[in-house]
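1. no FASTA, just this:
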């Protein structure tokens, strides 16, 4: 992505959730997901389509009023016919392409579930590097008003910006570092420290929060990915095979690994993190870390 001070945007498909090779439509986006998006992104695009819509919650209304949530208009010519979930994902991909053309490197995709689901058209299967923040991303609970989340975000720009820079550093270290093993360990340490800072100020300002999981799909060239795969995890990144490293805070881990995913064709060259996959199904409530939230 572009430099840390620039606007960051994310495009979502709406209240659909990935489950393996399928997507399921739910009645509304999880309130925890709205709080994650509002806290860590400057603008959220939820494309509007002519197919069945969803009722507007108070969270949606407040985010729209604040200007953080926008809705690109997508017609039948974009979403096509067939399965409803396919239509939503086509709209997401079309909005992402339009946003990326206007602001190269500033927009990413975001979905909820256990993987990234993209249609076959205008995408291709590629092997890339995946960074997972397992039970490590702090977000306010659903009881915290979305307005309070936005106030916190405005007052704690320094801590949130440190996290953005740390995310970018993982990408930069993989592609540029002369000593990838040492550089990536440093980058992961920065990620852990940045998230610890956010967790601390969230606790002081908003109280109740949970630790959720977030997976980042990096936009690496095929040459860089092939080099990592050919050299092997230990040689390329100083990690044990398979390509996985873990730094723990309790049960929280930062994992780096190779994975095959579908990726949009013709991504902007300066886009670092093309997709995010969020999971709040197994999130730690921090007031009682011995228990986990029930599945939605």
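-> Sure thing, it's come through. All values derive from a computational prediction rather than experimental measurement.

2. all helices for the stretch 51-200 of the chain, in order.
-> For the stretch 51-200 of the chain, the helices defined by DSSP state H, counting those that start in this stretch occupy 58-66, 76-79, 84-102, 146-155, 157-176, 180-205.

3. which of those sits most buried?
-> Looking across the helices of the stretch 51-200 of the chain with neighbours counted as mean count of other C-beta atoms under 10 Å, the highest average goes to helix 84-102: a mean of 20. For every residue, glycine as well, the C-beta is placed using N, CA and C.

4. residues in contact with that helix?
-> For helix 84-102, the surrounding residues in contact (C-beta atoms under 8 Å, 6 or more residues apart in numbering) are 9, 11-14, 16, 22-25, 45, 47, 49, 51-52, 72, 74, 78-81, 106-109, 117-119, 121-123, 264, 267-268, 271.

5. Narrow those residues to those in strands?
-> Mapping the contacts of helix 84-102 onto strands (DSSP state E) picks out 9, 11, 16, 22-25, 45, 107-109, 123, 264.

6. Need the max-distance pair from those.
-> For the ones in strands among the contacts of helix 84-102, the farthest-apart pair by C-beta to C-beta is 9 and 22; their separation is 27.0 Å.

7. who's more crowded, these two?
-> Using other C-beta atoms under 10 Å as the criterion, residue 9 and residue 22 rank with residue 9 on top: 22 against 11.

8. So in terms of bridging, what pairs with the more buried one?
-> Beta-bridge pairing of residue 9 under DSSP bridges involves residue 43, residue 107.

9. hang on, the earlier thing: and residue 221, which of the helices of the stretch 51-200 of the chain is closest to it?
-> Closest among the helices of the stretch 51-200 of the chain, once you apply C-beta to C-beta, is helix 157-176, at 8.0 Å.

10. Beta-bridge partners for residue 259, please?
-> In this entry, residue 259 is beta-bridged to residue 128, by DSSP bridges.

11. my read: it touches residue 130, true?
-> Yes - with contact defined as C-beta atoms under 8 Å, residue 259 counts as touching residue 130 (4.4 Å).

12. the more surrounded of these two?
-> Neighbours were counted for residue 259 and for residue 130 using other C-beta under 10 Å; residue 130 has more, 21 against 15.

13. what residues are up against that one?
-> Contact analysis of residue 130 by C-beta under 8 Å, 6+ apart lists 215-218, 255-259, 261.

14. With residue 17 instead?
-> Going by C-beta under 8 Å, 6+ apart, residue 17 touches 23-24, 26, 111-113.

15. Tell me the spacing between residue 50 and residue 99.
-> 20 Å (C-beta to C-beta, to the nearest Å).

16. Same check on residue 125?
-> Counting by C-beta to C-beta - residue 125 and residue 99 are separated by 23 Å.

17. cool, residue 130 as well?
-> For residue 130, the distance to residue 99 - C-beta to C-beta - is 23 Å.

18. With residue 6 instead?
-> For residue 6, the distance to residue 99 equals 13 Å [C-beta to C-beta].

19. Now do the shared contacts for these two.
-> Common contacts of residue 6 and residue 99 (C-beta under 8 Å, 6+ apart): residue 106.

20. Relative to the whole chain's centre, how far out is the helix or strand hosting residue 213?
-> Here residue 213 sits within strand 209-218, counting by DSSP states H and E. In terms of C-alpha atoms, centre = their mean, to the nearest Å, the centre of strand 209-218 is found 7 Å from the chain centre.

21. Partner strands of it, with direction?
-> Paired with strand 209-218 in the same sheet, following DSSP bridges, are strand 123-140 (antiparallel), strand 273-285 (antiparallel).

22. now that strand against helix 180-205, angle please.
-> Orientation of strand 209-218 against helix 180-205 (axes from the mean of the first three to the mean of the last three C-alpha atoms, to 10 degrees) gives an angle of 150 degrees.

23. Could you give me the buried positions within strand 209-218?
-> By 16 or more other C-beta atoms under 10 Å, the buried positions in strand 209-218 come out as 209-218.

24. want to throw those into JSON lines with distance to residue 91 and pLDDT?
-> What follows is the buried residues of strand 209-218, written out as JSON lines (distance: C-beta to C-beta, whole Å; pLDDT from 0 to 100):
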{"residue": "209", "distance to residue 91": "31", "pLDDT": "88"}
{"residue": "210", "distance to residue 91": "29", "pLDDT": "89"}
{"residue": "211", "distance to residue 91": "31", "pLDDT": "86"}
{"residue": "212", "distance to residue 91": "25", "pLDDT": "88"}
{"residue": "213", "distance to residue 91": "26", "pLDDT": "90"}
{"residue": "214", "distance to residue 91": "23", "pLDDT": "92"}
{"residue": "215", "distance to residue 91": "22", "pLDDT": "92"}
{"residue": "216", "distance to residue 91": "23", "pLDDT": "91"}
{"residue": "217", "distance to residue 91": "20", "pLDDT": "90"}
{"residue": "218", "distance to residue 91": "24", "pLDDT": "86"}
